[in-house]
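Novice: missing the sequence, but the structure's below:
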């Protein structure tokens with residue numbers, strides 16, 4: 001029988017003491033059941049934010065919690081790398097998982113993750129998440145369908161999907177996964193670092209896929225994400241410049257975001273993912289990395305462009321799409337191909353039907369579809385006026401359970 005894994009939960013944070021405090025309390029509530037430790041790495045540049053978080057951690061007063069700060073404020077990727085060293089050096093931890101300061105654990109799920117890790121302790125294990133979309137009002141809770149099964153995933157499958165600009169829920173981004181110390185050591189040797197790039201989560205993902213032939217996927221939401229108006233990725237997707245985004249870009253200095261992507265000029269979330277795919281491919285023998293499929297890539301950029309809220313930036317993206325060849329018959333053909341691929345990727349119709357219902361809104365057809373779909377749990381997601389109520393609902397409820405293994 002395999003020994004129980006020794007888990008360390010790393011919470012990297014910067015100028016978000018309220019969010020980080022909630023993440024810390026959630027992690028500690030789960031840590032005791034599995035003998036895990038929690039490390040908070042405070043990279044704040046605001047002295048007041050740092051003081052608030054330090055005091056909150058001090059009041060919790062438990063040996064399971066460590067509060068550390070880097071010698072000086074770091075950019076995101078170097079900070080994640082520094083925090084990993086702080087978590088592993090002099091520690092008996094066998095496995096590490098990251099919890100962003102905008103996430104909390106679902107009750108009881110860390111124990112289930114630890115059980116799955118104990119069965120195959122040498123494998124990276126990824127998992128899903130639920131979402132509290134608080135970037136709009138009313139706040140919307142999106143609960144994912146789940147089967148509770150642990151499935152084996154060939155990393156070549158995940159690389160092939162990424163080359164077609166489809167990013168699987170099983171893609172191990174460290175914020176949704178548990179990594180063995182042995183794999184982290186292997187990545188350091190092979191790549192010189194685990195996270196060093198522009199987007200540390202996707203840098204880890206594609207380095208992991210380059211090094212590993214298989215990963216495990218626990219098909220259940222383990223964490224609940226929220227705080228989207230403080231998310232760099234969501235801000236880029238919406239085309240909105242927040243203080244967090246400007247801070248992130250300032251730390252890049254002269255480095256061009258997405259410089260390795262086929263068209264670096266797309267300032268869209270998916271282009272950052274493709275950038276990290278290309279960076280990892282160029283760091284190794286890229287034979288396992290299929291070439292980025294340009295038609296599908298442009299189709300994804302066109303789809304993400306519809307999410308850009310700033311009209312000026314939206315026009316810039318549309319102009320760049322046309323300049324990149326996204327026009328005429330190519331646009332129609334590749335849009336159809338991309339739509340069919342996405343439909344084929346989904347394991348069931350729940351997610352698609354939810355989106356259809358949301359688009360139809362209050363139209364008569366939409367109301368009829370909503371009435372017919374209530375028994376299938378695919379109607380409108382629940383809404384709330386405040387984050388605390390939304391998080392409490394998400395923690396107490398689950399999405400529809402599926403009888404079959406997921407299609408990945």
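Specialist: Everything's here; your move. Only a predicted model underlies this, so the values are computations on that prediction, with no experimental measurement involved.

Novice: So for stretch 25-34, what gets flagged as buried?
Specialist: 26-28, 30-31, 34 (16 or more other C-beta atoms under 10 Å). Glycine gets a C-beta too; all of them are placed from N, C-alpha and C.

Novice: got it, and stretch 15-28?
Specialist: Buried, per 16+ other C-beta under 10 Å, within stretch 15-28: 15-17, 19-24, 26-28.

Novice: Could I get the average pLDDT for stretch 23-39?
Specialist: Averaging pLDDT along stretch 23-39 gives 96.

Novice: Actually, stretch 302-321.
Specialist: Rounded mean pLDDT across stretch 302-321 is 91.

Novice: swap in stretch 279-288?
Specialist: pLDDT averaged over stretch 279-288 gives 89.

Novice: now swap in stretch 226-244 and tell me
Specialist: Taken as a whole, stretch 226-244 has a mean pLDDT of 72.

Novice: what do you get for stretch 52-68?
Specialist: On average, stretch 52-68 scores 94.

Novice: mind listing the strands for the stretch 101-250 of the chain?
Specialist: 103-105, 125-133, 139-142, 150-154, 177-180, 214-225 (DSSP state E, counting those that start in this stretch).

Novice: among the ones you listed, which is the most enclosed?
Specialist: Across the strands of the stretch 101-250 of the chain, the average number of neighbours (mean count of other C-beta atoms under 10 Å) peaks for strand 177-180, which reaches a mean of 25.

Novice: before we move on, the earlier item: please convert the strands of the stretch 101-250 of the chain to CSV, extending it with distance to residue 190.
Specialist: Below are the strands of the stretch 101-250 of the chain laid out as CSV (distance: least, C-beta to C-beta, whole Å):
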stretch, distance to residue 190
strand 103-105, 28
strand 125-133, 20
strand 139-142, 36
strand 150-154, 20
strand 177-180, 14
strand 214-225, 16
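
Novice: looking at those, which is closest to residue 171?
Specialist: Residue 171 sits nearest to strand 125-133 of all these, at 6.9 Å, using C-beta to C-beta.

Novice: Return the residues in contact with the closest residue to residue 325 other than its chain neighbours.
Specialist: Of all residues not flanking residue 325 in the chain, residue 298 sits nearest, at 7.0 Å (C-beta to C-beta, 6 or more residues apart in numbering). Residue 298 is in contact with 263, 321, 324-326, 330, 334, counting by C-beta atoms under 8 Å, 6 or more residues apart in numbering.

Novice: sec struct for residue 298, please.
Specialist: Three-state call for residue 298 (DSSP: H, G, I helix; E, B strand; the rest coil): helix.

Novice: Residue 50 touches residue 69, doesn't it?
Specialist: Yes. Between residue 50 and residue 69 a contact is recorded at 7.1 Å, counting by C-beta atoms under 8 Å.

Novice: does residue 154 have beta-bridge partners, and which?
Specialist: Beta-bridge partners of residue 154, counted by DSSP bridges, are residue 214.

Novice: Distance of it relative to residue 215?
Specialist: Distance of residue 154 to residue 215, given as C-beta to C-beta, to the nearest Å: 9 Å.

Novice: remind me which residues of the stretch 151-300 of the chain are low pLDDT?
Specialist: The model of the stretch 151-300 of the chain has pLDDT under 70 over residues 232-237, 239-244, 246-249.

Novice: er, the stretch 301-408 of the chain I mean
Specialist: Under the criterion pLDDT under 70, the flagged ranges of the stretch 301-408 of the chain are 329, 334-335, 337-379, 405-407.

Novice: need the strands for it, in chain order.
Specialist: Counting by DSSP E, counting those that start in this stretch, the strands of the stretch 301-408 of the chain are 383-384.

Novice: where along it do the helices fall?
Specialist: 311-323, 328-345, 350-360, 364-373, 387-396 (DSSP state H, counting those that start in this stretch).

Novice: go on, the stretch 151-300 of the chain?
Specialist: Going by DSSP H, counting those that start in this stretch, the stretch 151-300 of the chain shows helices at 155-163, 181-191, 200-211, 232-238, 243-252, 269-283, 294-305.

Novice: about what we covered before: nearest to residue 166, of the strands of the stretch 101-250 of the chain?
Specialist: Nearest of these (C-beta to C-beta): strand 150-154, 13.8 Å.

Novice: Quick one: distance of the closest one to the chain centre.
Specialist: Centre-to-centre, strand 150-154 and its host chain are 18 Å apart (C-alpha atoms, centre = their mean, to the nearest Å).

Novice: can you check stretch 38-54 too?
Specialist: With C-alpha atoms, centre = their mean as the basis, stretch 38-54 stands 22 Å off its chain's centre.

Novice: what are the phi and psi angles of residue 12?
Specialist: The phi and psi values for residue 12, taken as degrees, to the nearest 10, are phi -80, psi 140.

Novice: number of nearby residues for it?
Specialist: Residues contacting residue 12 under the criterion other C-beta atoms under 10 Å number 25.

Novice: Surely it and residue 79 touch.
Specialist: Yes. When contacts are counted by C-beta under 8 Å, residue 12 is listed as touching residue 79 (5.9 Å).

Novice: what do the two both touch?
Specialist: Residues within reach of residue 12 and of residue 79 at once, by C-beta under 8 Å, 6+ apart, are 41, 43.

Novice: Quick one: residues contacting residue 195.
Specialist: Residues near residue 195 by C-beta under 8 Å, 6+ apart: 77, 80-81, 84, 174, 203-204.

Novice: can we see that at 6 Å?
Specialist: Counting by C-beta atoms under 6 Å, 6 or more residues apart in numbering, residue 195 touches 77, 80-81, 203-204.

Novice: What is the nearest of these to residue 250?
Specialist: When these are compared for distance to residue 250 (C-beta to C-beta), residue 77 wins out at 14.1 Å.
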